[in-house]
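Asker: Need coordinates for the following:
(4 chains)
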Protein chains: 4
Amino acid sequence: MKRIGVFTSGGDAPGMNAAIRAVVRQAAVLGLEVVGIRRGYAGMIQGEFLPLGPRDVANILQRGGTVLLTARSQAFMTEEGRKKAYENLQQAGIEGLVAIGGDGTFRGAMRLIEEFRLPVVGVPGTIDNDLYGTDYTIGFDTAVNTALEAIDRIRDTAASHERVFLIEVMGRNSGFIALDVGIAGGAEVIALPEAPVDPRAVAEVLLESQRRGKTSSIVVVAEGAYPGGAEGLLRAIRSHAEVEARVTVLGHIQRGGSPTAKDRILASRLGAAAVEALVGGTSGVMVGEVEGEVELTPLKDAVERKKDIQRALLDLARVLSI
Amino acid sequence: MKRIGVFTSGGDAPGMNAAIRAVVRQAAVLGLEVVGIRRGYAGMIQGEFLPLGPRDVANILQRGGTVLLTARSQAFMTEEGRKKAYENLQQAGIEGLVAIGGDGTFRGAMRLIEEFRLPVVGVPGTIDNDLYGTDYTIGFDTAVNTALEAIDRIRDTAASHERVFLIEVMGRNSGFIALDVGIAGGAEVIALPEAPVDPRAVAEVLLESQRRGKTSSIVVVAEGAYPGGAEGLLRAIRSHAEVEARVTVLGHIQRGGSPTAKDRILASRLGAAAVEALVGGTSGVMVGEVEGEVELTPLKDAVERKKDIQRALLDLARVLSI
Amino acid sequence: MKRIGVFTSGGDAPGMNAAIRAVVRQAAVLGLEVVGIRRGYAGMIQGEFLPLGPRDVANILQRGGTVLLTARSQAFMTEEGRKKAYENLQQAGIEGLVAIGGDGTFRGAMRLIEEFRLPVVGVPGTIDNDLYGTDYTIGFDTAVNTALEAIDRIRDTAASHERVFLIEVMGRNSGFIALDVGIAGGAEVIALPEAPVDPRAVAEVLLESQRRGKTSSIVVVAEGAYPGGAEGLLRAIRSHAEVEARVTVLGHIQRGGSPTAKDRILASRLGAAAVEALVGGTSGVMVGEVEGEVELTPLKDAVERKKDIQRALLDLARVLSI
Amino acid sequence: MKRIGVFTSGGDAPGMNAAIRAVVRQAAVLGLEVVGIRRGYAGMIQGEFLPLGPRDVANILQRGGTVLLTARSQAFMTEEGRKKAYENLQQAGIEGLVAIGGDGTFRGAMRLIEEFRLPVVGVPGTIDNDLYGTDYTIGFDTAVNTALEAIDRIRDTAASHERVFLIEVMGRNSGFIALDVGIAGGAEVIALPEAPVDPRAVAEVLLESQRRGKTSSIVVVAEGAYPGGAEGLLRAIRSHAEVEARVTVLGHIQRGGSPTAKDRILASRLGAAAVEALVGGTSGVMVGEVEGEVELTPLKDAVERKKDIQRALLDLARVLSI
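Answerer: Okay, the predicted model is just below:
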């Protein structure tokens, strides 16, 4: 293998740039050329390729977003589109790919492998932490800390006004962000897709909190935890009890920002490991970190198997919010 | 004068605690006792008083929110409520008040002055910066920086996905936060109540930006700038042109957090000045900072006169976003 | 067991308050009373005890430092001092202790166990991460991120002036902070006690970096990595080659600040686990987190066994800094 | 005038990039071409010129440091060097310059004006705020907030260990940073070049603080306030009284980081105003902001006249630290 491609796809996540940098520099050390593909699968079809040397990735380690850009691609859903993508890669002399992203990214990669026997190794880059085969995904730690900082701010107001706040955090169908943010933020209630809450019970907890002398409360709601999100949950709570509360949806601020140390280190490590795997002849796997060690997991498993939240933490949250 | 009261009321603002600390310590230096009144006018009626000495306000300078809490009070809207409040103040030996808050707070203070000849001096504590008689209100600088940090994060995503984002910031009927955040955040468009935007023109600006090679754009929208806020504006834009865009409402994160240096200094200065004014026999005024100097403005003017935004900055924004 | 004591000792670490909160609330759920001991072993001897209920630890989760204070105690080094401490504990009805701190704290605890058969469970609270039996200590993640933020700032200047900066970080005799900060900060060289650097080789790396087109470089130096720290290393480098460089010693800023999500969660988990262990009849152990699970390690091992840095990361650092 | 040059020189300051962006975009709006000169006067002599269009300054508004780099130049101190610089500028068709920096930068500019009648307008970019003719220099607000954040962190440790900390901040011969940071950080003592402290008096204040029940104290020391800085002051204090204290020198972290809203707005405004002044035929002046309005001040005055600190704030600091 002489030349590999690297791209980011799906929602951007802090640390993607650190991963790109690691891919480029590890490849250079191993004597490989690297081609950056802009805009993910869309750019693959459009042939948006640029050579990347070690100096080209200077000073991006600390930046949020992705310098390679990301986009959705309808064309890649078609056989014709994928064929065009592959032809472009071939023409550019790209013999293997490092794909940085989440489940959509990996599903695309699996098609390339199946249809064209093109070697691809995946790197888990998504704030949602919803991939099997890695304890943490790149971007998760930053997103959690960003959401936490927001909750710390809101708590100032909640405490000053003695109010209840429902705060909706990201995570699609997973509660990883909500669970960590809820515990770290001292939430009275944490609503997760994996552990659905009963609005009646939430109402009871909030009223009971007040009886115990708590004058303000924070409820952290994962976006997929209740129909209609935090707003929907509040309406349901109010149908059971008179609770005065405000809703804040944290939204896109959770995606951006300079990555934390943990995300930069994880991205550096996995970016380098992906190149090593690819050069070593491996394909169809995601590199992840499991209990401190780099591990390879078939892309199929990474995408399809369900990683569960740490349920012990849910119990802990209950204890700590008394 | 031997004993004064201090309270916060209305929406909380970063720096309120710094102002409370300054009131208490300046009063102590002048030989006055200070009584903290919890929950604003509501606590005045309930008699929620606590003595505050210099050590009681240690370590609050850097905290967001207000340690004296804040609340709305329906009872204070009634003559009976205000009478009760006054009686409580009298009974506690409170001969004058420092009222920290925004226009609602000051309107309440004006009633106390009118009806009971109780001396009150106001301190401008609101993130909205919408009070006449001070260049900046306490909390404004922090809110602007918090919103700016959020926009910096969102820009990472906007740039990576090459998208347009409409970001709604606070400010009630004023565009101060939106204008400063818009310029500092490099917004392509800034929509203010004081300078209403035409959705058709915004659509044109965004399309023109794309033609000039900008792949992502930020539109900052003051909450009072358009019916329905940022969401409303986006709907209107879309009725004129096909613009793919996302909306983020920053919400309550703008209220909290540790105050900036500027807000702490302003709060310290105005808190101390309020006590000096009160002791000097002044009442019915707000202390403010105008061109670097402390100035007194009748509460009536502070509340009723309109402080205009710096229109030169709007022109600057247009130049800088080419 | 009906009543336990909790204290912090040694250098303060972000997350100590989160641990105190978890101890108090977990104990309350289990029906135990908690007594807070101020100023560590010094306060134990002085009898500085205060009862702590669930409401007393409200709103401390997010705060740096320790609300229970910490101090050095010469008196506790004497048999007489320890006897007095034990008598005070007995008199207060304290039947077991949760000791939050580092190796000095645990050595003190071991004396109490040995001499008076008083049950003690340790919680690892130190930014240095130098305790065996836990993957991370409470405060480490925050310290790393604080140091990283400082390095990101310094890099702005280093890049603008095209200079070399040597940045000294904390860690006593361990290189954990330096290693993580070095990788996350994109350092060209990382000097650790566990992997001593040769000044001549560092000079060569810096000159070689310049030849490869790097105009600025960051060298991260653990305080124990070289005699005289970063200043000493720079002098030694300069005796080999003419390198223009600046030194910055980050110092005490690394200890403070609001804890990260990870540190709050770790502290919450270990604080709660310590109470459970104590109640379950365990003593003489430290609760730690190993590969995601709570584990107990004899205090003696925690203190005496050497936890090694991840050497794979050192190699990674070399690859990434090309 | 058809083409102008822009450069940064001297110590880097947050907001320099925002100023560069404003210069380039305002110039473009006025139909001028802009040439960026790298490395200040050194690059002028070396002919390091690059054309800058509106797209070239995209996405730099929020970055610390300066994308144009900065350097010291011995060569520019010689007549020969300056002649070479001027010839290069002429050859590049540069008819006027915008010089962003501090007093050294402006002194250089004055030589170019005198010797070659080259029009130059200065923009005050320095964290020290030591230029006459502007209420604030670009970078000052960011430096103050960075130092303040560091002090907030150190206070956690100071309070937990009940210690005295002396914290040295930047500012060369001026106390602006120290004064603002001292008030905002709640310092017990603030040592400034403009208001020298007597070590014996400081010792007395610290001891008196302890008697009043303060268990920890912060002393903010401007680097030029005492021979040997904070270390020197502590030695002197100790020769008068036994005070246990630690010293932290904040150092270069104060220079970097993303600029605050205020610095970005100031830089945007002054960068644009500098181009307008230059185009309008003005030379030999610095653009500044005085009481909210843009004002022009002769470079000679900007550099030579002394801007005094707000002495009222020093009194305030004394009141607030009781």
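Asker: got the CA positions of the one helix or strand residue A:155 maps to in PDB?
Answerer: Element membership for residue A:155 (DSSP states H and E) is helix A:140-161. Provided in PDB are the C-alpha atoms of helix A:140-161 (Å, rounded to 0.1, in the frame of the first residue of the first chain):
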ATOM      1  CA  PHE A 140     -18.200  12.500  23.500                       C
ATOM      2  CA  ASP A 141     -16.100  13.800  26.300                       C
ATOM      3  CA  THR A 142     -16.100  17.300  24.800                       C
ATOM      4  CA  ALA A 143     -19.800  17.300  24.200                       C
ATOM      5  CA  VAL A 144     -20.500  16.100  27.800                       C
ATOM      6  CA  ASN A 145     -18.300  18.900  29.200                       C
ATOM      7  CA  THR A 146     -19.900  21.500  27.000                       C
ATOM      8  CA  ALA A 147     -23.300  20.500  28.100                       C
ATOM      9  CA  LEU A 148     -22.200  20.400  31.700                       C
ATOM     10  CA  GLU A 149     -20.900  23.900  31.500                       C
ATOM     11  CA  ALA A 150     -24.200  25.000  30.100                       C
ATOM     12  CA  ILE A 151     -26.000  23.300  33.000                       C
ATOM     13  CA  ASP A 152     -23.700  24.900  35.500                       C
ATOM     14  CA  ARG A 153     -24.800  28.200  34.100                       C
ATOM     15  CA  ILE A 154     -28.400  27.400  34.100                       C
ATOM     16  CA  ARG A 155     -28.200  26.200  37.700                       C
ATOM     17  CA  ASP A 156     -27.200  29.700  38.700                       C
ATOM     18  CA  THR A 157     -30.500  30.900  37.400                       C
ATOM     19  CA  ALA A 158     -32.400  27.900  38.600                       C
ATOM     20  CA  ALA A 159     -31.100  28.400  42.100                       C
ATOM     21  CA  SER A 160     -31.600  32.200  42.100                       C
ATOM     22  CA  HIS A 161     -35.200  31.900  40.900                       C
END
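Asker: can the helix or strand just after that helix be found next to chain B?
Answerer: For helix A:140-161, the following helix or strand on the C-terminal side (DSSP H and E) is strand A:164-169. Yes - for strand A:164-169, a contact with chain B is found by Cβ under 8 Å from any Cβ of the partner chain, at residue A:165. Every residue, glycine included, has its C-beta placed from N, CA and C.
Asker: helices or strands up against strand A:164-169?
Answerer: helix A:140-161, helix A:176-184, strand A:217-222, helix A:229-238, strand A:245-249 (3 or more Cβ pairs under 8 Å, 6 or more residues apart in numbering or on different chains; DSSP states H and E).
Asker: part of a helix, is residue A:76?
Answerer: Yes - assignment of residue A:76 by DSSP: H, G, I helix; E, B strand; the rest coil places it within a helix.
Asker: burial measure for it, as a count.
Answerer: Using other Cβ atoms under 10 Å in any protein chain shown, residue A:76 has 22 neighbouring residues.
Asker: Any regions of the stretch 151-300 of chain A where pLDDT drops low?
Answerer: By pLDDT under 70, the stretch 151-300 of chain A has no low-scoring segment.
Asker: how about the residues of it near chain B?
Answerer: So far as Cβ under 8 Å from any Cβ goes, the stretch 151-300 of chain A lies against chain B at A:152-157, A:159-162, A:165, A:246, A:248-253, A:255-257.
Asker: Derive a ChimeraX selection command for the buried subset of those.
Answerer: To isolate the buried members of these in ChimeraX, using 16 or more other Cβ atoms under 10 Å in any protein chain shown:
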select /A:152,153,154,155,156,157,159,160,161,162,165,246,248,249,250,251,252,253,255,256,257
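Asker: Next one: the helix or strand that contains residue A:191, is it in contact with chain C?
Answerer: Element membership for residue A:191 (DSSP H and E) is strand A:189-191. No - Strand A:189-191 lies apart from chain C when judged by Cβ under 8 Å from any Cβ; the minimum separation is 12.3 Å.
Asker: Can you give the strand pairings for that strand, parallel or anti for each?
Answerer: Sheet pairing for strand A:189-191, assigned by DSSP bridges, gives strand A:217-222 (parallel).
Asker: Could you export the strand it pairs with as PDB, CA atoms only?
Answerer: Output of strand A:217-222 as PDB, limited to C-alpha atoms (Å, rounded to 0.1, in the frame of the first residue of the first chain):
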ATOM      1  CA  SER A 217     -34.200  21.200  40.400                       C
ATOM      2  CA  ILE A 218     -32.500  20.100  37.200                       C
ATOM      3  CA  VAL A 219     -34.000  17.400  35.000                       C
ATOM      4  CA  VAL A 220     -31.700  16.200  32.200                       C
ATOM      5  CA  VAL A 221     -33.600  14.800  29.200                       C
ATOM      6  CA  ALA A 222     -31.900  12.900  26.400                       C
END
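Asker: now that strand against strand A:164-169, angle please.
Answerer: Angle, strand A:217-222 to strand A:164-169, by axes from the mean of the first three to the mean of the last three Cα atoms, to 10 degrees: 20 degrees.
Asker: touching chain C at all, whichever strand or helix holds residue A:286?
Answerer: Residue A:286 is part of strand A:285-290, with elements assigned from DSSP H and E. No - applying Cβ under 8 Å from any Cβ, one finds strand A:285-290 separated from chain C by no less than 8.7 Å.
Asker: Identify each buried residue in that strand, please.
Answerer: A:285-289.
Asker: just stretch A:169-188 next, same as before
Answerer: So, applying 16+ other Cβ under 10 Å, buried residues of stretch A:169-188: A:169-172, A:174-188.
Asker: What residue in the stretch 151-300 of chain A comes nearest to chain D?
Answerer: Closest residue of the stretch 151-300 of chain A to chain D, Cβ to the nearest Cβ: residue A:258 (8.9 Å).
Asker: how about that residue, secondary structure?
Answerer: Three-state call for residue A:258 (three-state DSSP): coil.
Asker: Do I have it right that residue A:196 meets residue A:226?
Answerer: Yes - using Cβ atoms under 8 Å, residue A:196 makes contact with residue A:226 at a distance of 7.4 Å.
Asker: how many neighbours does the residue lying closest to the residue of the stretch 151-300 of chain A closest to chain D once chain neighbours are set aside have?
Answerer: Once flanking residues are discounted, residue A:258 sits nearest to residue A:62: 5.1 Å by Cβ to Cβ, 6 or more residues apart in numbering or on different chains. For residue A:62, the tally of surrounding residues (other Cβ under 10 Å) stands at 19.
Asker: give me phi/psi at residue A:62?
Answerer: Main-chain dihedrals, residue A:62, degrees, to the nearest 10: phi -90, psi 0.
Asker: And it, what's its pLDDT?
Answerer: Predicted confidence (pLDDT) for residue A:62: 96.
Asker: Same check on the one 4 residues further on?
Answerer: What the model reports for residue A:66 is a pLDDT of 97.
Asker: Nearest to residue D:268 among the helices and strands packed on strand A:164-169 would be which one?
Answerer: For the helices and strands packed on strand A:164-169, the distance to residue D:268 is smallest for helix A:140-161, at 26.3 Å, taking Cβ to Cβ.
Asker: Any residue of that closest one touching chain D?
Answerer: No - contact between helix A:140-161 and chain D is absent, the nearest approach being 13.1 Å (criterion: Cβ under 8 Å from any Cβ).
Asker: now that helix against strand A:164-169, angle please.
Answerer: 160 degrees.
Asker: Summarise which helices and strands helix A:140-161 is packed against.
Answerer: So helix A:140-161, by 3+ Cβ pairs under 8 Å, 6+ apart, packs with strand A:164-169, helix A:176-184, strand A:217-222, helix A:261-279, helix C:261-279.
Asker: between those, which gets nearest to residue B:300?
Answerer: It is, among those and with distance given as Cβ to Cβ, strand A:164-169, at 34.9 Å.
Asker: From the rest of the structure, what touches that closest one?
Answerer: A:147, A:150-151, A:154-155, A:157-158, A:177-178, A:181, A:206, A:216-223, A:229-231, A:233-234, A:243-250, A:254, B:252 (Cβ atoms under 8 Å, 6 or more residues apart in numbering or on different chains).
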